[in-house]
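1. coordinates only, sequence not included:
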């Protein structure tokens, strides 16, 4: 009985660790994706500003 409890406890702890680790990886992926989106939107804003400046200089 002791060995059975020891094995089931080990399996349970391993599953808890795997679940925790998987959730941490999902969270890290989500944060990374958000940062990529922020960089892309920042680049779009900079491109629009550059086009506006270029166009305004062209009109002068």
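-> Cool, the structure landed. These figures come from a predicted structure and were not determined experimentally. Numbers count the residues shown, from 1 in each chain.

2. do you know the pLDDT at residue 1?
-> Residue 1 is assigned a pLDDT of 68 by the prediction.

3. from here on, call the first residue 25.
-> Taking 25 as the first residue, the last one we looked at is residue 25.

4. distance of residue 46 from residue 82?
-> Taking C-beta to C-beta, to the nearest Å as the measure, residue 46 falls 54 Å from residue 82. (C-beta placed from N, C-alpha, C; glycine too.)

5. same check, this time on residue 71
-> Taken as C-beta to C-beta, the span from residue 71 to residue 82 is 16 Å.

6. and for residue 26?
-> For residue 26, the distance to residue 82 (C-beta to C-beta) stands at 83 Å.

7. what's the answer for residue 74, then?
-> Using C-beta to C-beta, we find residue 74 at a distance of 12 Å from residue 82.

8. with neighbour numbers in mind, choose between the two.
-> Legend: neighbour count by other C-beta atoms under 10 Å for residue 74 and residue 82, higher for residue 74 (10 against 7).

9. work out for me the element the more buried one sits within.
-> Assigned by DSSP states H and E, residue 74 belongs to helix 26-83.

10. remind me which residues of this structure are low pLDDT?
-> Applying pLDDT under 70 to the chain flags residues 25, 84.

11. could you redo the last one with a cut-off of 80?
-> Counting by pLDDT under 80, the chain shows low-confidence ranges at 25-31, 34-35, 43, 79-84.

12. could you count how many residues lie near residue 58?
-> By other C-beta under 10 Å, 10 other residues sit near residue 58.

13. correction: the previous question concerned residue 80.
-> Residue 80 has 9 neighbours, counted by other C-beta under 10 Å.

14. next: residue 29.
-> Residue 29, neighbours per other C-beta under 10 Å, totals 9.
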